[in-house]
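Visitor: Show me how the following folds:
(one chain, ligands or ions: 1)
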Amino acid sequence: MTDSIFSKIIRGEIPSHRVYEDDFVIAILDIAPLSEGHTLVIPKEPAATIDELSDDHSAAVGRVLPRITRAIKKVTGATSVNILQNNGADAGQAVEHVHFHIIPRFKDRNENVSGSPDKNNGPGLRLDWTPGTLTAEEALELGKHIKRLL
Ligand code: 5GP
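Guide: Numbering: from 1, shown residues only. Modelled structure (predicted):
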């Protein structure tokens, strides 16, 4: 359990631009947006990371993510969207309270052109994936252990 800045926002102790609220979830505009319409969907439960989140709050987030994404796409004219969710410092999480980033992407805007470093000169989301390999043996072994816990 944490009392992060998002808990304070949920309780209304810190102002935010709230675009959605129900019993389990709020959605607010990110204070430092990567692109126009960058929104955070935040379960009210004060879990630090996704693996600590209850099924009920997780389901509540899943229920509203598509609807909020649709609204943002419609308002901003975004052509694509990334849903990003960081867990833990090593994954780049800054605020220790579960949150989902909805990051609109725009075909013709410099800040959102993936894979074109020469155009990446503004704010925006950079995705740098360096894929590895997985052998059948590794997959079987790893999968077996994960499955056993689920
Ligand atoms: P993280 O790196 O933890 O996944 O992302 C945290 C996000 O929260 C960042 O995008 C940051 O701009 C946003 N943020 C941090 N503090 C506040 C705040 O007080 N208000 C709002 N609206 N967003 C915040």
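Visitor: okay, now residue 50: neighbour count?
Guide: Residues near residue 50, counting by other C-beta atoms under 10 Å, number 17. In this view, the C-beta of every residue, glycine as well, is placed from N, C-alpha and C.
Visitor: isn't it right next to residue 86, touching?
Guide: No. Shown here, residue 50 and residue 86 do not form a contact pair, counting by C-beta atoms under 8 Å, at 9.4 Å.
Visitor: Okay, now the unreliable bits of the chain?
Guide: The model of the chain has pLDDT under 70 over residues 1-2, 110-122.
Visitor: which bits of this structure sit near the ligand?
Guide: Selection of the chain residues close to the ligand by C-beta under 6 Å from any ligand atom yields 5, 14, 16, 28-32, 40, 86, 92-95.
Visitor: The same query, at a cut-off of 5 Å, please.
Guide: 5, 16, 28, 30, 31, 32, 86, 93, 94, 95 (C-beta under 5 Å from any ligand atom).
Visitor: What are the buried residues along stretch 77-88?
Guide: 78, 81, 82, 86, 87 (16 or more other C-beta atoms under 10 Å).
Visitor: and what of stretch 45-63?
Guide: Using 16+ other C-beta under 10 Å as the test for burial, stretch 45-63 gives 45, 46, 47, 48, 49, 50, 53, 57, 58, 60, 61.
Visitor: so of the residues you listed, which ones are in helices?
Guide: 57, 58, 60, 61 (DSSP state H).
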